[in-house]
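**Q** Coordinates only, no sequence provided:
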């Protein structure tokens, strides 16, 4: 459930950032696009980390119930 909510938040942030792009110079547009791509990669990395942590917690929990 937590991963779904994080994915939804990332999608909303992505849409919001795309809507915020207005008229500007090509250099400004490229800089905004680069900033967006960097933030997107950071968000993806955080999501992978959260998913990994969630899997570890579930694995540990399942291991406790087996004993």
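**A** Right, received. Where do you want to start? The shown structure was predicted, so the numbers you read here are calculated from the model rather than taken from an experiment.

**Q** Next up, the contacts around the residue sitting nearest the centre point of the chain.
**A** Within the chain, the residue whose C-alpha comes closest to the C-alpha centroid is residue 43; the distance, by C-alpha atoms, centre = their mean, is 3.1 Å. With contact set as C-beta atoms under 8 Å, 6 or more residues apart in numbering, residue 43 has these partners: 10, 13. The C-beta positions use only the backbone N, C-alpha and C, and glycine is treated the same way.

**Q** quick one: low-confidence ranges for this structure?
**A** 1-4, 17-24, 65-67 (pLDDT under 70).

**Q** on that earlier part again, which secondary structure state does the residue nearest to the centre of the chain sit in?
**A** Using DSSP: H, G, I helix; E, B strand; the rest coil, the secondary structure recorded for residue 43 is helix.

**Q** need the helices for the chain, in chain order.
**A** Along the chain, the segments classed as helices by DSSP state H run 2-19, 26-66.

**Q** Figure out how far stretch 34-47 is from the centre of its chain.
**A** In terms of C-alpha atoms, centre = their mean, to the nearest Å, the centre of stretch 34-47 is found 7 Å from the chain centre.

**Q** Quick check: the residue nearest to the centre of the chain vs residue 59, distance?
**A** Residue 43 sits at a distance of 25 Å from residue 59 (criterion: C-beta to C-beta, to the nearest Å).

**Q** now do residue 29
**A** Using C-beta to C-beta, which is the criterion applied here, residue 29 is 45 Å from residue 59.

**Q** Those two: who's more crowded?
**A** Neighbours were counted for residue 29 and for residue 59 using other C-beta atoms under 10 Å; residue 29 has more, 13 against 10.

**Q** Pull up the gap between the more buried one and residue 58, please.
**A** When distances are taken as C-beta to C-beta, residue 29 and residue 58 turn out to be 43 Å apart.

**Q** Equivalent analysis for residue 32, please.
**A** The spacing between residue 32 and residue 58, counted by C-beta to C-beta, is 38 Å.

**Q** Next: residue 33.
**A** Between residue 33 and residue 58 the computed distance is 37 Å (C-beta to C-beta).
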